[in-house]
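Participant: Need a 3D model of the following:
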Amino acid sequence: MTEQSKINQDGAKRTSLLERADRVFGLDNLGPAKVPSNLPKPRVPAPRPAPVAAQPAAVPAAAPQPTAAAVPTAYAAPQPQAEPTPEPEPAVALSGPYMEIDSEHLRDAGLIVPEDPVTALLEEFRIVKRDIIADARAGGDPKQRRILVCSPHQGEGKTYCATNLAIALAAERDVEVLLVDADVIRPSVARRLGISAERGLMDALANPSLRPEKLAVRTDIEGLFVLPAGTTGSHDAEYLASERTGEILDRLTRGAPNRYVIFDTPPALASSAAAELASHVGQSVLVVRADETSRAALEDAHQLLSACPTIKLLLNAAHFSPSGRRFGEYGGQEE
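Facilitator: Numbers count the residues shown, from 1 in each chain. Prediction:
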């Protein structure tokens, strides 16, 4: 039995050291000191952030395969906006005075009469116009719809061919033909057709206030318009060589893909007018008369018209064909 567990003989437990000291030294008044009432209020500290749980160490693993959602989208540079396509300019309407053409006058002049039966003359000019239309549609240039008709010398049939070509071309569906009398030396287109007009091409060139489309005569032949030569003078060649000529021709064909302009010009070896106009057209028809036009004259005229990219040769008044081809009548009742 240990000393701490001994019990007094009277059966009571021994007092503790503090109790015995209290009886000896009187420690009943000992206790915690009284807290002063004027102490400053203690400052409440800011709440401390909650501790972050430690992350487990990264375990090396195989690189993940990129998915469609995980692949970053490449930055696309802004595409430059295309400029809006300009609206095509509307065609200038030919709005000159209206005149009727006498069919008997056409027959007397040996020209094509639209309401008459098909003749060999019409078939010949149908071949000519088909070649002209094909080149005009293939090129896509408005100049290709401007056709100059010329000859080396006088009397070789250029006006006759230009007028017949215009009448044949006007027979095409949805086509307008403007026959321009640019023979400022001897204008004769209006007279051949039996119409009259005081003003025309040269007036529009000399006076910028005149609109050429308002001078174009509308005929009773569907699709055929005529621009007479107008008032001619000694400075016609200078007017034709001016920038005003290009402006007028551009105005007459701009925005009108089904409009053809045919020019009857003076002979190439008699006036500079044909050479001046050659730079404004896309096709030229050089009319030569069989058994009359010399080779030298043909070559000289061809050289003067060289500003035109396409020059076609039309043999007029031929009585012999090396191939034996000849257009005649076909049809009627069987015998």
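
Participant: elements contacting the lengthiest helix in the chain?
Facilitator: Secondary structure of the chain per DSSP state H: the longest helix is helix 120-139. Here helix 120-139 touches helix 158-170, strand 283-289, strand 310-316, going by 3 or more C-beta pairs under 8 Å, 6 or more residues apart in numbering; DSSP states H and E. All C-beta atoms are positioned from the backbone trio N, CA, C, and that covers glycine.

Participant: closest one to residue 215 among these?
Facilitator: helix 158-170 (16.7 Å; C-beta to C-beta).

Participant: Convert that closest one to CSV, retaining C-alpha atoms only.
Facilitator: Extracted as CSV, the C-alpha positions of helix 158-170 are listed here (Å, rounded to 0.1, in the frame of the first residue of the first chain):
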residue,chain,number,x,y,z
LYS,A,158,-21.3,51.9,-150.0
THR,A,159,-24.6,53.8,-149.3
TYR,A,160,-26.6,51.1,-151.1
CYS,A,161,-25.0,48.4,-149.0
ALA,A,162,-25.2,50.4,-145.7
THR,A,163,-28.9,50.9,-146.2
ASN,A,164,-29.7,47.3,-147.1
LEU,A,165,-27.6,46.1,-144.2
ALA,A,166,-29.5,48.3,-141.8
ILE,A,167,-32.9,47.1,-143.1
ALA,A,168,-31.9,43.5,-142.9
LEU,A,169,-30.4,43.8,-139.5
ALA,A,170,-33.6,45.6,-138.2
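
Participant: Run the angle between the helix or strand just after that helix and helix 120-139 for me.
Facilitator: Using DSSP states H and E, the helix or strand that follows helix 158-170 in sequence is strand 176-181. Between strand 176-181 and helix 120-139, the angle comes out at 110 degrees (axes from the mean of the first three to the mean of the last three C-alpha atoms, to 10 degrees).

Participant: Can I get the helix or strand that strand 176-181 is followed by in CSV? Just the C-alpha atoms.
Facilitator: In the C-terminal direction, the helix or strand that comes right after strand 176-181 (DSSP H and E) is helix 189-193. C-alpha atoms of helix 189-193 as CSV (Å, rounded to 0.1, in the frame of the first residue of the first chain):
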residue,chain,number,x,y,z
VAL,A,189,-29.2,58.2,-146.7
ALA,A,190,-32.4,60.3,-145.9
ARG,A,191,-33.0,60.9,-149.6
ARG,A,192,-32.7,57.2,-150.5
LEU,A,193,-35.2,56.3,-147.8
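
Participant: Name the residues of helix 189-193 that are buried.
Facilitator: 189, 190, 192, 193 (16 or more other C-beta atoms under 10 Å).

Participant: tell me the average confidence for that helix?
Facilitator: The average pLDDT for helix 189-193 rounds to 93.

Participant: Counting by contacts, list what that helix packs against.
Facilitator: Helix 189-193 packs on helix 158-170, strand 176-181, strand 224-227, going by 3+ C-beta pairs under 8 Å, 6+ apart.

Participant: Would you format those as a markdown table with mean neighbour count and distance to residue 261 included?
Facilitator: Listed next are the helices and strands packed on helix 189-193 as a markdown table, based on neighbours: other C-beta atoms under 10 Å; distance: least, C-beta to C-beta, whole Å:
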| stretch | mean neighbour count | distance to residue 261 |
| --- | --- | --- |
| helix 158-170 | 24 | 10 |
| strand 176-181 | 26 | 5 |
| strand 224-227 | 26 | 9 |
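
Participant: Out of those, flag the one nearest residue 273.
Facilitator: strand 176-181 (11.3 Å).

Participant: report the angle between the axes of that closest one and helix 158-170?
Facilitator: Going by the same axes, to 10 degrees, strand 176-181 makes 170 degrees with helix 158-170.

Participant: what lines up beside strand 176-181 in the sheet?
Facilitator: Here strand 176-181 has these sheet partners by DSSP bridges: strand 224-227 (parallel), strand 259-264 (parallel).

Participant: and the angle for the longest helix of the chain with strand 310-316?
Facilitator: Using the same axes, to 10 degrees: helix 120-139 against strand 310-316 is 180 degrees.

Participant: Residue 149: what secondary structure?
Facilitator: strand (DSSP: H, G, I helix; E, B strand; the rest coil).

Participant: who's in contact with it?
Facilitator: Neighbouring residues of residue 149 by C-beta atoms under 8 Å, 6 or more residues apart in numbering: 158, 159, 161, 162, 165, 262, 263, 264, 265, 284, 285, 287.

Participant: partner residues bridging it?
Facilitator: With DSSP bridges as the rule, residue 149 is bridged to residue 264, residue 285.

Participant: Residue 253 is in contact with residue 147, isn't it?
Facilitator: No - Residue 253 is beyond contact range of residue 147, at 11.3 Å (criterion: C-beta atoms under 8 Å).

Participant: Can you find the helix or strand of the chain with the lowest average pLDDT?
Facilitator: helix 17-25 (a mean of 66; mean pLDDT, DSSP states H and E).

Participant: Could you identify the helix or strand that succeeds that one?
Facilitator: strand 98-99.

Participant: List the neighbours of that next one that are in contact with it.
Facilitator: Counting by C-beta under 8 Å, 6+ apart, 195, 196, 197, 217, 218, 219, 220 sit against strand 98-99.
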